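In: no letters, just coordinates:
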Ligand code: SF4
């Protein structure tokens with residue numbers, strides 16, 4: 001397993017399939033860098049999506065997708081994030097990668113990857129509205145070979161990464177978007193008669 005990210009000793013470790021992520025990090029990688037807390041981890045390749053803060057005990061085996069809401073084990077090369085990681089920034093960086101990698105043959109991937117990157121960039125900059133979160137989720141849910149809209153799985157990787165980060169760190173995203181203005185109509189006649 002090739003471990004990278006915010007651990008004291010990143011590197012390659014030959015271990016049995018099924019080792020819990022916490023054991024891998026704490027017993028073999030020297031723990032989270034600087035004694036900080038675990039925040040999340042990509043199990044292996046950004047296409048697999050992300051494990052949330054409450055999934056530190058996830059066993060790294062072929063059931064990880066079914067049990068922990070990620071696409072799969074992937075390369076089994078976890079990228080670990082500490083408590084100070086800005087998950088909106090992580091999402092923006094990942095969507096930038098997929099936008100760059102899209103070959104452009106399929107409209108949902110070509111356009112969707114660009115839209116996801118634009119939305120993540122707006123959220124990170126503090127310029128997004130709450131409805132942008134719904135739009136981003138709708139885009140992610142409709143692109144990929146699994147929903148049957150693209151030729152290859154690159155778009156699925158983009159979708160799983162964006163969707164799982166937004167779902168598992170939803171509070172972080174919601175705190176960064178501006179509340180959409182909802183006009184309130186006041187009936188002055190009713191107020192006067194009250
Ligand atoms: S899904 Fe694959 S084939 Fe289609 S545009 Fe994206 S990278 Fe190209």
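Out: Here it is on my side, so go on. Here the structure is a predicted model, which is why all the values come from computation and not from measurement. Residues are numbered from 1 along each chain as shown.

In: from the rest of the structure, what touches the top helix by length along the chain?
Out: Counting by DSSP state H, the longest helix found in the chain is helix 107-125. Helix 107-125 is contacted from outside by 86, 88-89, 91-92, 95-96, 98-99, 102, 104, 128, 132-133, 135-136, 139-140, 142-144, 149-150, 154-155, 158-159, 162, 173, 176-177, using Cβ atoms under 8 Å, 6 or more residues apart in numbering. (Glycine included, C-beta is placed from N, CA and C.)

In: and the next element down the chain from it?
Out: Sequence order places helix 130-142 as the next helix or strand after helix 107-125, per DSSP states H and E.

In: just how off-centre is that next one within its chain?
Out: Taking Cα atoms, centre = their mean, to the nearest Å, one finds the center of helix 130-142 at 13 Å from the center of the full chain.

In: now that helix against helix 107-125, angle please.
Out: Interaxial angle, helix 130-142 versus helix 107-125 (axes from the mean of the first three to the mean of the last three Cα atoms, to 10 degrees): 150 degrees.

In: run a quick neighbour tally on residue 153.
Out: By other Cβ atoms under 10 Å, the residues close to residue 153 number 16.

In: the residue nearest to it when sequence neighbours are not counted: what secondary structure?
Out: Closest residue to residue 153 apart from its sequence neighbours, by Cβ to Cβ, 6 or more residues apart in numbering: residue 145 at 5.2 Å. Going by DSSP: H, G, I helix; E, B strand; the rest coil, the secondary structure assigned to residue 145 is coil.

In: so who does residue 145 touch?
Out: 151, 152, 153, 155, 156.

In: contact partners for residue 47?
Out: By Cβ under 8 Å, 6+ apart, the contact list for residue 47 reads 71, 74, 153, 154, 156, 157, 158, 160, 161.

In: let's see if you can find the most crowded of those residues.
Out: Highest neighbour count within those: residue 158, with 30 neighbours (other Cβ under 10 Å).

In: ok, how many other residues are close to the residue nearest to that residue when sequence neighbours are not counted?
Out: Of all residues beyond its chain neighbours, the one nearest residue 158 is residue 98 (3.8 Å), with distances taken as Cβ to Cβ, 6+ apart. Residue 98 has 24 neighbouring residues, counting by other Cβ under 10 Å.
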